[in-house]
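Novice: okay, structure incoming, though there's no sequence with it:
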Ligand SMILES: C[S@@+](CC[C@H](N)C(=O)[O-])C[C@H]1O[C@@H](n2cnc3c(N)ncnc32)[C@H](O)[C@@H]1O
C-alpha cells in the first residue's frame, strides 16, 4: 500500500512492547530502505542480526545488509527531495517592532528600524485553536496537518483524531506506551546500537518544556457539542478553559471587538450562543463558570473579539501531479506538467494574541503563513523605520476591485478599510474590471455604473487634498512600466487641477460613448465558453478536432476587443487556454497563453507578488517539458518570489520548488529538446 511512514510507526509500536523482536527490526529495515533512509535501515538490520536466533535467518539478514550497504552509496533523487533533515528550519524573528496607534485603525504594529524584505518579523503559537468542521476527519486536530492512515484518536472520547502520539499528548491526551529501559536489552547490545534501540523505542519525542494543553478535554465529557455549535463559539469555550486553567478567569484578552457595530439580530444570536456555551461547559467547570449575567457578558464580548481577531490556519492543496512527495512517494516524471491551480484551504481557526495586532492593508507589506499551528509573519518588501506593518485579512489590490474588498471587510470584520489601496487612486482598481474604448487606436478605460461610483469616491478623496496626493500618484504611475497605462494615468493625474468627469460607458481618455449593454453581453457569452473549456480540460475532454478550442480562441478575440487589456478576465481566459493546450499536448501554445496571462497579472499585482509565483510554477513546468531554455529565468523568478514570501520555509511549504530547481540543474530535458 506504500504507507511507509505508517508502517514505520507500527514497527516502533511493536518494538516498544517487544524490543528484542528480530522480525520487527528486520521489517523496520525494509521500510527504511523504501524510504531511502539507508543509515537507519542498516542499523535496523544490524540490530535484527543480533537478536535473530536461527542461522538461516541470520544468513538472510547478512545478505540484505550487504545489498543495502552498496545501495546506500548511490544517492537517489527522491532522498534529496524528501530529505527532511534539510528542511528543519531554525529561525527566530530578528526585527524589532513597536506598537503604534492611529485614530482610524486603532493599535497596530510598526517597524523600529529598517527591515529588509523576507525578514521574519513575528512568530507565535496560538492561544487557542480549533479544526474546522469539514476537516475533522482528514486533518490532525492539533497540528492541522493531513492525517496519516494510522491516526491516533483522543484517549477518552475517540472523537478528535491526531496524526501522532506527540500531537495527542500535546492536545492534553494520554499515551499508553511503555518506555524501554536499557536493562531489558543490554545483555545483547552495547555501544551505538544500544543507543539506537533506546532512541527508536523512546516513549515520545515530546520536549518536556513544551506546553501540553487541555485543548479538547472539557468538550469530551458527555454530548459532543462542538459538532453542533459554530466554530467561533467552540473556540470561545477553549479560551475560557485556558483562562480557567491559568486561574485568570476574569482576565480580559485586550482584543478589539465589533459588538457595537453588529445588527440587532446578530446581537441576539450572540446572547443565545453565550448562554448555550456556558450551559455546555457546566459538566466540567461548574464552579468556575457560574450561570449569571457577568459570565454571559464576558462570553458575548469574547465571541465578538474572536469574530474580528481570529485567523484562519491555511494549508496548500495540491493536485496529485503537483506534489513531488505525493502519497505514492513518486516524484513527477520529467515532462510532467503542473498546470492545475494551487489552492489554499482553511483547515483551522485560531487566536494569536500578538499576531492580532497587525492591521489590514489591501497592499500589504508583510505576509502571514503557518507551519503546523505556528503563525509566521515575514516582510515582503523593504520597510522603513516607523512604517506600519500590515498584512492582508483576505482581499488585495489586483485581486478584487475596491467595492468587493470593502464589502468583504465590512461583512467579515465590521470595518471600512482605510488602507492606502482603498484611499488612493491606483491603476489596478481602475483597469481590473474595465472595458476598452471602442474607438480605433484609443487605449482608454471605460467603466460601468458601479465601477464609476467607486472610482468617484477615490477621486473625491484626491480632490480634497490634491497637493499631498499628487506626488504619490506620480509614483504610482511611474511604477507601471507599460506606456499604454502611463498614457491613461498621465491623462488623468498628470495635472494636479485636473479632475475628470467620470461617466459610465464613456472613455476616460477621449470621451467616446460605448454601448455598455452589448459589452456586457459579449463578456457573458465568452464566460460560458471559457467555463465549459475549463471543465473539459479538467476532465481531459479537450481534443484537437472537437471545436471547443477554436470556439474559445474566437471568444478570446471577442474579449480582447471588449475588455481593457489589463482586465482580469483576460488573464483568466489566457490561463484556461494554457491549461487546455497543455492537455492536448500543444506545449508551445500553452506556453504562449501562460506568458500573456502572467503579463496581465504583473500589471495588476505588480512584479514579485506571490500570486505570480503560482503562475510561474505552471510556466516553468511547461517550459521544462518542452526543453525551452527560458525555463532557467522563469525558475529563477519563481524562486525569488517564493523566497521573499516564505524565506527558508519556501521548500518546506512547496516541495515541488526543489523538484523544479533540480530538474533545471540536472538538465532533465525530454527527447525533443
Ligand atoms: C485584528 S484587529 C487589529 C488590531 C486593532 N487595530 C486593535 O486596536 O486591536 C482588526 C481591527 O483593526 C481595525 N483595522 C485594521 N485594519 C484596518 C484598516 N485597513 N482600516 C480601518 N480599520 C482597520 C478595525 O477596527 C478592525 O476591526
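Specialist: Thanks, I have the structure now. These figures come from a predicted structure and were not determined experimentally.

Novice: alpha carbons only for contacts and neighbour counts from here, please
Specialist: Will do.

Novice: doesn't residue 601 make contact with residue 568?
Specialist: Yes: contact status for residue 568 versus residue 601: in contact at 7.4 Å, counting by C-alpha atoms under 8 Å.

Novice: next one, pLDDT for residue 3 please.
Specialist: The score at residue 3 is 76. That number is its pLDDT.

Novice: next: residue 496.
Specialist: The predicted local distance difference test score for residue 496 is 37.

Novice: cool, and the one 4 residues further on?
Specialist: Listed pLDDT for residue 500 reads 54.

Novice: strands of the stretch 451-600 of the chain, start to end?
Specialist: Along the stretch 451-600 of the chain, no stretch is classed among the strands by DSSP state E, counting those that start in this stretch.

Novice: my bad, the chain
Specialist: With DSSP state E as the definition, the chain shows strands at residue ranges 97-102, 106-111, 120-124, 128-131, 152-153, 161-162, 311-317, 343-351, 366-371, 374-379, 388-389, 435-436, 445-446.

Novice: compare the ones you listed and give me the one nearest the ligand.
Specialist: Between the ligand and these, the tightest spacing by C-alpha to the nearest ligand atom is seen for strand 106-111, at 3.6 Å.

Novice: so what secondary structure elements neighbour the closest one?
Specialist: Counting contacts by 3 or more C-alpha pairs under 8 Å, 6 or more residues apart in numbering; DSSP states H and E, the secondary-structure elements packed against strand 106-111 are strand 97-102, strand 388-389.

Novice: angle of that strand against strand 120-124?
Specialist: Here strand 106-111 runs at an angle of 130 degrees relative to strand 120-124 (axes from the mean of the first three to the mean of the last three C-alpha atoms, to 10 degrees).

Novice: so which residues on the stretch 1-150 of the chain come close to the ligand?
Specialist: Residues of the stretch 1-150 of the chain lying close to the ligand by C-alpha under 6 Å from any ligand atom are 104-108.

Novice: turn the strands of the chain into CSV, columns for distance to residue 264, mean neighbour count and mean pLDDT.
Specialist: CSV is the format used below for these (distance: least, C-alpha to C-alpha, whole Å; neighbours: other C-alpha atoms under 10 Å; pLDDT from 0 to 100):
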stretch, distance to residue 264, mean neighbour count, mean pLDDT
strand 97-102, 28, 14, 94
strand 106-111, 25, 18, 96
strand 120-124, 35, 20, 96
strand 128-131, 28, 25, 96
strand 152-153, 41, 20, 88
strand 161-162, 38, 26, 92
strand 311-317, 25, 19, 91
strand 343-351, 25, 19, 93
strand 366-371, 33, 21, 96
strand 374-379, 34, 22, 97
strand 388-389, 34, 25, 97
strand 435-436, 41, 28, 93
strand 445-446, 40, 28, 88
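
Novice: turn those strands into CSV, including distance to residue 272.
Specialist: Shown next, in CSV, are the strands of the chain (distance: least, C-alpha to C-alpha, whole Å):
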stretch, distance to residue 272
strand 97-102, 34
strand 106-111, 29
strand 120-124, 32
strand 128-131, 21
strand 152-153, 31
strand 161-162, 30
strand 311-317, 24
strand 343-351, 22
strand 366-371, 33
strand 374-379, 32
strand 388-389, 37
strand 435-436, 48
strand 445-446, 49
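
Novice: of those strands, which approaches residue 547 most closely?
Specialist: Set against residue 547 and scored by C-alpha to C-alpha, those come closest in strand 435-436, at 27.6 Å.

Novice: now do that closest one: distance to the chain's middle.
Specialist: 33 Å (C-alpha atoms, centre = their mean, to the nearest Å).

Novice: what does it contact?
Specialist: Residues lying outside strand 435-436 but in contact with it, judged by C-alpha atoms under 8 Å, 6 or more residues apart in numbering, are 443-447, 507, 519, 561-565, 567.

Novice: before we move on, what about stretch 527-547?
Specialist: Stretch 527-547 has contacts (C-alpha under 8 Å, 6+ apart) with 548-549, 551-552, 555, 573, 576-577, 579-580, 583-584.

Novice: picking that back up, and the strands of the chain: which comes nearest residue 428?
Specialist: Comparing the strands of the chain against residue 428 with C-alpha to C-alpha, the closest turns out to be strand 445-446 (11.7 Å).

Novice: what about the helices in the stretch 401-550 of the chain?
Specialist: Applying DSSP state H, counting those that start in this stretch to the stretch 401-550 of the chain gives helices spanning 402-413, 420-423, 427-431, 449-464, 466-479, 483-493, 516-538, 548-562.
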